[in-house]
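>>> next one to model:
(one chain, ligands or ions: 1)
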Amino acid sequence: MPAKRRLILITGASGAIGGALADAYAEPGVELILQGRDPIALKMAAHRCTLRGAQVTLSRLDLAQPGALTSWLDSMVDEQLPNLVILAAGINLNTRAAEGEDPEPSQHLLALNLLTPIRIAQALAPRMKARGSGHLVFISSLAGWYGLPVTPSYSASKAGIKAYGEALRGWLAPHGVGVSVVMPGYVKSPMADGMLGPKPWVWSPQRAARVIRQGIQCNKARISFPFPLNLGSWCLAVMPAALSQRVVSWLGYGVKP
Ligand SMILES: NC(=O)c1ccc[n+]([C@@H]2O[C@H](COP(=O)([O-])OP(=O)(O)OC[C@H]3O[C@@H](n4cnc5c(N)ncnc54)[C@H](OP(=O)(O)O)[C@@H]3O)[C@@H](O)[C@H]2O)c1
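Numbers count the residues shown, from 1 in each chain. All right, here's what the predicted structure looks like:
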């Protein structure tokens, strides 16, 4: 009897981190469901993964469209429940303007970065729990430790998804289902290129994907990197808020009046 395929869903697979994760998992015996919107980037990812021996299905959809998201999830649950789900799709929004962020892009960001991964988890987690196996991975950010003035909604979305993943882990752990929260620092990508403020210790997407894969394999609750930036960001979260705000502004992440 042929060995059972391992089914892995990666959202944002047309992007830098999601694409590198697809490469990292592509091997014989693996079936990848790669989600994104950009058809060319998706096809390129599929080509690379197929060459490595994986079977690939492409899901091209806008995750911020609730109707499309629901139909997609329904069909996935009916057909085959993935063994591993990595939720990497996301966007950023910067502001240097004294007026702050516009409401519409901010709502869109929160829908995509926070509500969409929660919606996906709500569809898949109960089935994984009933089956007694599976792993959900949420991509947060070191910006989830302490809110940056140049990117308030993004920081909020990443702090929110961090808390959600931590909570879900506690619920699912006794039922054989793993949950990991990934908190990357700067990783070279179109999104990182557009971020404001200094970008120390930029990692390649390949290096990030290697570390994420290792962490998932060990069912780590939190996979955060690089070490110095993680430590510094964590310190911002635990030191008095007034001091953290001064440090953040001094480091160049403040909004000029
Ligand atoms: N790069 C960093 O420094 C960094 C640091 C911390 C956390 N992160 C997080 O890591 C994740 C991946 O980021 P990245 O750096 O790889 O960014 P990226 O290269 O810009 O990729 C973003 C991905 O999200 C997808 N996406 C965006 N809007 C979408 C929508 N409405 N519906 C469906 N898919 C959508 C994009 O698909 P299309 O391109 O096909 O539209 C793309 O695949 C994000 O959650 C990000 O917040 C990144």
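>>> get me the contact residues on the protein for the ligand.
12, 14-18, 36-38, 41, 62-64, 88-91, 112, 139, 141, 184, 186-187, 189-192 (Cβ under 6 Å from any ligand atom). (C-beta placed from N, C-alpha, C; glycine too.)
>>> at 5 Å what do you get?
Neighbours of the ligand within the chain, by Cβ under 5 Å from any ligand atom: 12, 14-17, 36-38, 62-64, 88-90, 139, 141, 184, 186-187, 189-192.
>>> identify the residues contacting the residue nearest to L63 when sequence neighbours are not counted.
Nearest residue to L63 in three dimensions, chain neighbours excluded: T116, at 4.7 Å (Cβ to Cβ, 6 or more residues apart in numbering). Applying Cβ atoms under 8 Å, 6 or more residues apart in numbering to T116 gives the contacts L63, A64, L69, L87, A89.
>>> helices - which of those land there?
L69 (DSSP state H).
>>> which element, helix or strand, includes the residue nearest to L63?
helix 116-131 (DSSP states H and E).
>>> list the contacts for the spatially most central residue of the chain?
The centroid of the chain falls nearest to I139 when counting by Cα atoms, centre = their mean (2.4 Å). I139 makes contact with G12, I17, I86, L87, A88, G90, I161, V182, P184 under the criterion Cβ under 8 Å, 6+ apart.
>>> ok, now with 6 Å
I139 makes contact with A88, V182, according to Cβ atoms under 6 Å, 6 or more residues apart in numbering.
>>> neighbours of the closest residue to T95 other than its chain neighbours, how many?
Distances taken as Cβ to Cβ, 6+ apart place E101 nearest to T95, at 5.1 Å, with adjacent residues excluded. Neighbour count of E101, defined by other Cβ atoms under 10 Å: 17.
>>> and for the one 4 residues further on?
With neighbours defined by other Cβ under 10 Å, the count for P105 comes to 13.
>>> list the contacts for it?
Each residue near P105 by Cβ under 6 Å, 6+ apart is listed here: L93.
>>> could you give me the average pLDDT of the host helix or strand of it?
Taking DSSP H and E as the criterion, P105 maps to helix 103-110. When pLDDT is averaged over helix 103-110, the result is 95.
>>> can you pull the buried residues of it?
S106, L109, L110 (16 or more other Cβ atoms under 10 Å).
>>> check stretch 249-257 too.
Y253, G254, V255.
>>> and of those residues, the nearest to the ligand?
The closest of the buried residues of stretch 249-257 to the ligand turns out to be Y253 (Cβ to the nearest ligand atom; 14.0 Å).
>>> returning to that earlier point: save the contacts of T116 as CSV, and put in neighbour count and pLDDT too.
As requested, the contacts of T116 are exported to CSV (neighbours: other Cβ atoms under 10 Å; pLDDT from 0 to 100):
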residue, neighbour count, pLDDT
L63, 25, 98
A64, 19, 94
L69, 19, 97
L87, 26, 98
A89, 25, 98
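>>> CA atoms only: put stretch 20-28 into PDB for me.
Once non-C-alpha atoms are left out, stretch 20-28 reads as follows in PDB (Å, rounded to 0.1, in the frame of the first residue of the first chain):
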ATOM      1  CA  ALA A  20      10.400  30.000   0.900                       C
ATOM      2  CA  LEU A  21       8.300  27.800   3.300                       C
ATOM      3  CA  ALA A  22       6.700  26.000   0.300                       C
ATOM      4  CA  ASP A  23      10.300  25.300  -1.000                       C
ATOM      5  CA  ALA A  24      11.300  24.100   2.500                       C
ATOM      6  CA  TYR A  25       8.500  21.600   2.700                       C
ATOM      7  CA  ALA A  26       8.500  20.500  -1.000                       C
ATOM      8  CA  GLU A  27       9.600  16.800  -1.200                       C
ATOM      9  CA  PRO A  28       8.200  13.500  -2.400                       C
END
